[in-house]
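Chemist: Output the structure for:
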Amino acid sequence: MSVQIAIAGVSGRMGRALLEAVAADPACALCAAIDRTGSLQLGQDAGAAWGGTSNVRISDQPAVVLQGAQALIDFTRPEATAVYLDACVAAKVPLVIGTTGFDDTGKAHIAAAAQRIPIVFAPNMSVGVNLLMKLAELAAHVLQDGYDIEIIEAHHRHKVDAPSGTALGLGQAVARAIDRDLARCAVYGREGVTGERDPKTIGFATVRGGDIVGDHTLLFAGIGERVELTHKASSRATFAQGALRAAKWLQGRAPGLYDMRDVLNLH
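Modeler: I've put the predicted structure just below:
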């Protein structure tokens, strides 16, 4: 029997990719399509995203359309996710959160909701990126002495947060592996006379331009050699496929806060 999937933010780039992914997956079925109030697509058939028909009308009433859903997938904005989070708790619907840019209050809201429903919350839903996170830990263990650590990320011109959630996730993975506090050792920009590099820091560099879907490189720079771990996404389909995998994995799970490492058994 197909998993009944609801999708939030269907007029966005990721929303459209998710609609197409659900339509192509025989193990899933679209049961609700949600967009912001005022969207020009409200009332339209969600199947228009892939040039087909879904018999699901786009709505701005999550509390109504989530009835009967078995998972909601949300790649929107933190303020919208907060609304969907409360609706999922009320309807007892598992939630997959791919939204990034949360502050501490937003993260606390998610953690509180996870006491009542199962939630997969990850900075990146790509299977390849989550494998990269695991490889980053191994590399950090081996290369922590004598190697400077830098994280370089690039995204399209429309991305509103920086560094990306994935870049921060890589930084956190590395910092945990070598027993550092990312909040204390991260350097997010360099300008002017900065002095010599502190070997205990983890640097971040951000690029924004064009239609870059998402590139991330973890660089370990030593004396006489460099080790680079890189992931490049060429399509949002990779994030959609990972999110569907997470939604299916959530079925039958107890309330709790999970991530893609749990989904992929990468612990």
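
Chemist: just how off-centre is the lengthiest helix in the chain within its chain?
Modeler: The longest helix of the chain (DSSP state H) is helix 127-143. Taking CA atoms, centre = their mean, to the nearest Å, the mean C-alpha location of helix 127-143 is offset from the chain mean by 17 Å.

Chemist: Given the helix or strand following it, what are its sheet partners and their directions?
Modeler: Under the assignment DSSP states H and E, the closest C-terminal helix or strand after helix 127-143 is strand 148-155. If you go by DSSP bridges, strand 148-155 pairs up with strand 202-208 (parallel), strand 214-221 (antiparallel).

Chemist: so can I have CSV of these showing distance to Ala114 and mean neighbour count?
Modeler: Using the backbone N, CA and C atoms, a C-beta is placed for each residue, glycine as well. As requested, the strands paired with strand 148-155 are exported to CSV (distance: least, CB to CB, whole Å; neighbours: other CB atoms under 10 Å):
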stretch, distance to Ala114, mean neighbour count
strand 202-208, 28, 18
strand 214-221, 26, 20
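
Chemist: Of all these, which one is nearest Leu132?
Modeler: With CB to CB as the measure, strand 214-221 is the member of the strands paired with strand 148-155 nearest Leu132 (7.1 Å).

Chemist: Determine how far the closest one lies from the middle of the whole chain.
Modeler: How far strand 214-221 lies from its chain's middle: 18 Å, per CA atoms, centre = their mean.

Chemist: quick one: contacts of it?
Modeler: 124, 129, 132, 136, 139-140, 143, 147-155, 164, 166-167, 170, 174, 207, 226-233 (CB atoms under 8 Å, 6 or more residues apart in numbering).

Chemist: okay, the angle between it and helix 127-143?
Modeler: 10 degrees (axes from the mean of the first three to the mean of the last three CA atoms, to 10 degrees).

Chemist: helix or strand right after strand 214-221?
Modeler: Next along from strand 214-221, by DSSP H and E: strand 226-233.

Chemist: on contacts alone, who are the packing partners of that next one?
Modeler: helix 127-143, strand 214-221 (3 or more CB pairs under 8 Å, 6 or more residues apart in numbering; DSSP states H and E).

Chemist: can I get the ones you listed in TSV with mean pLDDT?
Modeler: Output for the helices and strands packed on strand 226-233, formatted as TSV (pLDDT from 0 to 100):
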stretch	mean pLDDT
helix 127-143	95
strand 214-221	97
